[in-house]
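Undergrad: just need the structure, nothing else, for what follows:
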Amino acid sequence: DSKATNTHATEASLAAYDSIVWIAGGLAKGATFDELVTGAAKRLRGVVLMGADRALIHEALTRHAPEVPVVDLDRTDTGAMSEAVEHAARLARPGDTVLLAPACASMDMFTNYIKRGEAFADAVRARAEESA
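TA: Numbers count the residues shown, from 1 in each chain. Reported below is the predicted structural model:
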């Protein structure tokens, strides 16, 4: 759900699944993440963070979901999405959903949320082809 560019949209996306490996991050635009993380903590299998303001989400996870494994990608280039998908696949177990719901704007890494979503879909397809 690359269009989930704020915490409210991301909250709705996260609420749709029971067990999630969450890919998040980007430009927070002043957002705070404590309430979002608190509400989703029980459903998080793992989190992969990328983008300029990923530390803000990481801090909320440390406070409200310290048991959830977090991969923090120190990259802001478009190639980070492939790495994020690889890490998410390693964290996921059968029945989990790997969900791109960034809670942030995309402009630190991508032209827009559509390009970010396409990068995610391309990375998932590439991984599926390698696994086949």
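Undergrad: please count neighbours and contacts with C-alpha atoms only from this point.
TA: OK.
Undergrad: the protein: strands as residue ranges?
TA: Counting by DSSP state E, the chain has strands at residues 20-24, 44-49, 70-72, 97-100.
Undergrad: could I get these as JSON lines with mean pLDDT?
TA: Listed next are the strands of the chain as JSON lines, based on pLDDT from 0 to 100:
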{"stretch": "strand 20-24", "mean pLDDT": "98"}
{"stretch": "strand 44-49", "mean pLDDT": "98"}
{"stretch": "strand 70-72", "mean pLDDT": "98"}
{"stretch": "strand 97-100", "mean pLDDT": "98"}
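Undergrad: mean neighbour count, these: which tops it?
TA: Highest mean neighbour count of the strands of the chain: strand 20-24, a mean of 26 (counted as mean count of other CA atoms under 10 Å).
Undergrad: contacting residues around that strand?
TA: Here strand 20-24 makes contact (CA atoms under 8 Å, 6 or more residues apart in numbering) with 14, 43-50, 54, 84-85, 88, 91-92, 96-104.
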